[in-house]
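> got a predicted structure plus its sequence, pasted below:
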Amino acid sequence: MKIRMSLTAAVVALVLGVSAFAQSKGKIEGVWSLTEVTTTGANGSTKQTSQPSLYLFTKNHYSIIYVSSDAPRPETDSDQMSAEELRNNFVNSFIANAGTYEFKDGKLTMHPMVAKAPSFMKQGTWVKQSVKMDANTLTLVSESSNTGPSTNPTTFKLKRVE
């Protein structure tokens, strides 16, 4: 009886362990919000993000959209903005792209299909980041792209929203 109970407990532990591993593997799918960006290089910095952001990962597709400025963008009528105000509001402080991705061996490779910047949509464009997941925190570190290795890697920390 003792052996049967021990064997049953071992099987239950094994099944739960395999189930937990299967659930955590590939759990990049979901909705994430950017919380911190760390840049490296001569002007490196770490900043906590306070502006809206969404990183969406489905089974095969992703979408990234966020306000990259430190402060909210002005709610000025765009018809009345100067060229510099338009550039600051819609170009310099806003990131948006979406496409397909592969997640394998702790590496995320994104292939943009649509992006705010037309040059980011060119055929053959890709970006690779290393991935670390810890509970509801996702850390992405830029590694390389179709133009070469990242000379000053950027780290993006995200928290799971859904």
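Now that the structure is in, tell me what you want to look at.
> and the strands in the chain?
With DSSP state E as the criterion, the chain has strands at 30-39, 45-48, 53-57, 61-67, 94-104, 107-115, 127-134, 137-145, 148-149, 155-160.
> quick one: residue 99 and residue 120 touch, right?
No - if you go by Cβ atoms under 8 Å, residue 99 and residue 120 don't touch, sitting 9.3 Å apart. Where C-beta positions appear, they are placed from N, C-alpha and C, glycine not excepted.
> compare neighbour counts for the two and give me the winner.
A direct count of neighbours by other Cβ atoms under 10 Å for residue 99 and residue 120 places residue 99 higher, at 20 against 17.
> show me what the more buried one is bridged to.
residue 62, residue 112 (DSSP bridges).
> with residue 133 instead?
When assigned by DSSP bridges, residue 133 has beta-bridge partners residue 138.
> check residue 157 too.
residue 36, residue 139.
> okay, now it: neighbour count?
By the criterion of other Cβ under 10 Å, residue 157 has 19 neighbours.
> could you shift the numbering so residue one becomes 59, and keep it that way?
OK, 59 is where the count begins now, so the last one is residue 215.
> from residue 123, how far off is it?
17 Å (Cβ to Cβ, to the nearest Å).
> list the contacts of the nearest residue to residue 110 once chain neighbours are set aside.
Nearest non-adjacent residue to residue 110, counting by Cβ to Cβ, 6 or more residues apart in numbering: residue 125, 5.6 Å away. Residues counted as contacts of residue 125 (Cβ atoms under 8 Å, 6 or more residues apart in numbering) are 109-111, 131, 151-152.
> again, 10 Å this time
Residues in contact with residue 125 (Cβ atoms under 10 Å, 6 or more residues apart in numbering) are 92, 107-111, 131, 147, 151-153.
> pull the number of nearby residues for residue 95.
Residue 95 has 17 nearby residues by other Cβ under 10 Å.
> isn't it right next to residue 199, touching?
No - with contacts counted by Cβ atoms under 10 Å, residue 95 stays clear of residue 199, the gap being 11.2 Å.
> now the common contact residues for the two.
212-215.
> farthest-separated two in those residues?
For these, the farthest-apart pair by Cβ to Cβ is 212 and 215; their separation is 10.8 Å.
> give me the below-cutoff pLDDT ranges for the chain.
Low-confidence segments of the chain (pLDDT under 70): 59-84.
> if we can go back for a sec, which neighbours do residue 157 and residue 178 share?
Residues touching both residue 157 and residue 178 (Cβ under 10 Å, 6+ apart) are 170-172, 185.
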